[in-house]
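A.B. asks: Coordinates only, no sequence provided:
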């Protein structure tokens, strides 16, 4: 596997195309590359055809509510905000409690 984003000192890598299921082909991504791009089993990649090359780009996945909630700790949680009680809006602007 060759990468077009080579930096000075980067090593070239190769990989083999293998059969996957009935109609598809697959490549193995070396661990070093997977780690560098934070790829894991199930990661989504965008495939682009550029001239005489295939470009794979990791897609940005939105975190789930559960993933975001799991990162809340007592240290990073702010105090509750008082928004002025339970007030409802009636007739587009008329406020009553």
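C.D. replies: Received it, and whenever you're ready, just let me know what you need. Note that this is a predicted model, so its numbers are computed, not measured. Residues are numbered from 1 along each chain as shown.
A.B. asks: what residue ranges in this protein score low on pLDDT?
C.D. replies: 1-11, 87-90, 92-97 (pLDDT under 70).
A.B. asks: rerun that using 50 as the cut-off
C.D. replies: 1-3 (pLDDT under 50).
A.B. asks: residue boundaries of the strands in it?
C.D. replies: 17-20, 24-27, 45-50, 53-58, 88-90, 94-96 (DSSP state E).
A.B. asks: looking at these, which is buried most?
C.D. replies: strand 53-58 (a mean of 12; mean count of other C-beta atoms under 10 Å). Where C-beta positions appear, they are placed from N, C-alpha and C, glycine not excepted.
A.B. asks: on that earlier part again, I'd like to know which of the strands of the chain lies nearest to residue 36.
C.D. replies: strand 53-58 (10.3 Å; C-beta to C-beta).
A.B. asks: how much does the closest one deviate in direction from strand 45-50?
C.D. replies: Going by axes from the mean of the first three to the mean of the last three C-alpha atoms, to 10 degrees, strand 53-58 is angled at 160 degrees with respect to strand 45-50.
A.B. asks: Renumber starting at 789 from here on
C.D. replies: New numbering, starting at 789: the last item is strand 841-846.
A.B. asks: Strand 841-846 - contacts with which helices or strands?
C.D. replies: Contact partners of strand 841-846 among helices and strands, from 3 or more C-beta pairs under 8 Å, 6 or more residues apart in numbering; DSSP states H and E: strand 833-838.
A.B. asks: Kind regards, and thank you for your time.
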